[in-house]
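got a sequence here, can you model it:
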Amino acid sequence: MPPAEDDLRRIAEGFGELKGELRIMHQQTMRSFDNIRDDMQRMEESQKQAMENMEERINGKIDSLGGRVKTLEQKSEDQKVAAAKQGVVVSGITAGLTYAAIELLKRIPH
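Got it, this is the predicted structure:
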């Protein structure tokens, strides 16, 4: 073989090896992209689940607070009724004492 043909054959072999190496690098890069994409999807699903869990906890706390408010409103209403009853009793006692005082004043000689 003349030297020019031998050089061309080596160049062709070199290109073939380079092409093979580039194909391997491309495949590895694509696998890395797939792995990164899979990791990102897992992270997104994990964050979504964490947000859903947090939302459930917050909703539970809000519901609990709503129940507490209703309980306090009922206690407040009960206290208003009790205060009104006490007011009626005190008014009755005051009216009785006033009546008694007037009757006593009527009997005092002037």
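
strands along this structure, start to end?
Here the chain has no strands by DSSP state E.

and the pLDDT for His110?
Looking at His110, its pLDDT stands at 65.

got it, and Pro3?
Taking Pro3 on its own, its pLDDT is 63.

list the contacts for the residue nearest the centre of the chain?
The chain has Glu55 as the residue nearest its centroid, 3.4 Å off, counting by CA atoms, centre = their mean. Applying CB atoms under 8 Å, 6 or more residues apart in numbering to Glu55 gives no contacts. All C-beta spots, glycine's among them, are computed from the backbone N, C-alpha and C.

any idea how far it lies from Ile62?
Separation of Glu55 from Ile62 (CB to CB, to the nearest Å) stands at 10 Å.

what of Gln41?
Applying CB to CB to Gln41 and Ile62 gives a distance of 31 Å.

again with Ile36
38 Å.

now Glu73
For Glu73, the distance to Ile62 - CB to CB - is 16 Å.
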